[in-house]
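Undergrad: sequence? don't have it. structure:
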């Protein structure tokens, strides 16, 4: 069965500092992996996705993630945090098969301090 | 925003009452999903649909039913609401040739007293 684990429910960084949000997955087959962002009182917005085309995936708002099969990881990074990055971030994996059912991690709340 | 709307956006109801949430899409996508979001759990799949009248259960389907009589509408019903169903409910559609990208609606905040 596929699953996703996000390490750290809350991450706090200073403005301008590196953002690193951790995601590990388990999957018996090559997965599709996603990062979504949710701003307060809003729906989820797709940040980026990995679909086996390239291991380093660039997304919106300066975020990127690297797929590392040997570590079963898909960590999200951004070189320099901005106040507007404060939000909740979700890692997700597609359940096997072609029905598109997503399995989400528990979420990580990113706080950006001035 | 992939043309997804949800109604109502907010609802307060009492235990034991039936509740129906509506998801509407404007682009004729085949796959539609209902998730609930709870602190510490991320989003969990309740039910999904892969076509008109074709639905299946997700991981937290107990106490919920769905219907899809038209491509554009996917309804989620709580036959007899309980306090444990207080949550934020999100509808999503799947796009792409292999359904590997989902877009989400704005959500419905449901409170069961």
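TA: Arrived safely, thanks for sending. What you are looking at is a predicted structure, and each value in this text was computed from that prediction instead of being measured.
Undergrad: Share the number of residues neighbouring the residue nearest to residue A:101 when sequence neighbours are not counted, please.
TA: Leaving aside its chain neighbours, residue A:101 sits nearest to residue A:95 (4.3 Å; criterion: Cβ to Cβ, 6 or more residues apart in numbering or on different chains). From N, CA and C alone the C-beta is placed, and that goes for glycine too. Burial measure for residue A:95: 20 neighbouring residues, criterion other Cβ atoms under 10 Å in any protein chain shown.
Undergrad: go on, residue A:33?
TA: Neighbour tally, residue A:33, other Cβ under 10 Å: 24.
Undergrad: Which pLDDT value belongs to it?
TA: Here the pLDDT value assigned to residue A:33 is 91.
Undergrad: Verify the contact between the residue nearest to residue A:101 and residue A:102 for me.
TA: Yes - the criterion here is Cβ atoms under 8 Å, and residue A:95 meets it with residue A:102 at 7.2 Å.
Undergrad: ok so, going back, run through the residues that contact the residue nearest to residue A:101.
TA: With contacts defined as Cβ atoms under 8 Å, 6 or more residues apart in numbering or on different chains, residue A:95 is in contact with A:2, A:101, A:102, A:103.
Undergrad: With secondary structure and pLDDT added, can I get those in CSV?
TA: Below are those laid out as CSV (DSSP: H, G, I helix; E, B strand; the rest coil; pLDDT from 0 to 100):
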residue, secondary structure, pLDDT
A:2, coil, 76
A:101, coil, 82
A:102, strand, 87
A:103, strand, 89
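Undergrad: quick check, nearest of these to residue B:66?
TA: The shortest approach to residue B:66 among those belongs to residue A:101, at 14.0 Å (Cβ to Cβ).
Undergrad: Please report how far that closest one lies from residue A:94.
TA: Distance from residue A:101 to residue A:94, counting by Cβ to Cβ, to the nearest Å: 7 Å.
Undergrad: again with residue B:113
TA: Using Cβ to Cβ, residue B:113 is found at 36 Å from residue A:94.
Undergrad: Which one's more surrounded, those two?
TA: Comparing residue B:113 with residue A:94 by neighbour count (other Cβ under 10 Å), the higher total belongs to residue A:94, at 26 against 10.
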